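1. My questions concern the predicted model and sequence given below.
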Amino acid sequence: MKQNEQTVDRHEAHFRLWDMLYFVVWFGMLSGLTEITLLRMKGLIGGGAVHLRCHTMWMSPAINVAVLGVVGVTAWPLILRLS
């Protein structure tokens, strides 16, 4: 019986890792798109010109996902130990 319990625990930990990565990707994308939107709104509301290059549109969400991914993978052993 103990062998089956350990197998279930490993599978649950595996799914929790995918859940965390899913959260990281969505949160990174949303925060990057929000950042771009706020920069655009600042230019519209403030009347000043905000120059965003075409690379900003895809780099901002990509960098947010990468940074959050590194933090999540680094924190993963601590999360497993605390749970």
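-> Yes, it's here. Computed from a predicted model, the values in this text were never measured in an experiment. Numbers count the residues shown, from 1 in each chain.
2. So in this protein, where's the weakest helix or strand by average pLDDT?
-> Using mean pLDDT, DSSP states H and E, helix 2-46 stands out as the lowest-scoring helix or strand of the chain, at a mean of 75.
3. Show me what the helix or strand just after that one is packed up against.
-> Proceeding N to C from helix 2-46, the next assigned helix or strand is helix 56-82, under DSSP states H and E. Applying 3 or more CB pairs under 8 Å, 6 or more residues apart in numbering; DSSP states H and E, one finds that helix 56-82 contacts helix 2-46. Using the backbone N, CA and C atoms, a C-beta is placed for each residue, glycine as well.
4. Would you quantify the distance from residue 29 to residue 74?
-> Here the distance between residue 29 and residue 74 works out to 20 Å (CB to CB, to the nearest Å).
5. quick one: which of the two has more around it?
-> residue 29 (16 against 9; other CB atoms under 10 Å).
6. Distance check, the residue nearest to the spatial centre of the chain against residue 49.
-> For the chain, residue 24 is the residue whose C-alpha lies nearest the centre (CA atoms, centre = their mean; 2.5 Å). For residue 24, the distance to residue 49 equals 34 Å [CB to CB].
7. and if you look at residue 82?
-> From residue 82 across to residue 49, the span is 48 Å (CB to CB).
8. try residue 20
-> Remark: distance between residue 20 and residue 49 (CB to CB) = 40 Å.
9. for residue 80, same thing?
-> Using CB to CB, residue 80 is found at 48 Å from residue 49.
10. Which of these two has more residues huddled nearby?
-> Ranked by neighbour count (other CB under 10 Å), residue 80 and residue 49 place residue 80 first, with 11 against 6.
11. surely residue 50 meets residue 37?
-> No. Checked against CB atoms under 8 Å, the pair residue 50 and residue 37 is beyond contact range at 11.5 Å.
12. Before I go, just wanted to say thanks for your time.
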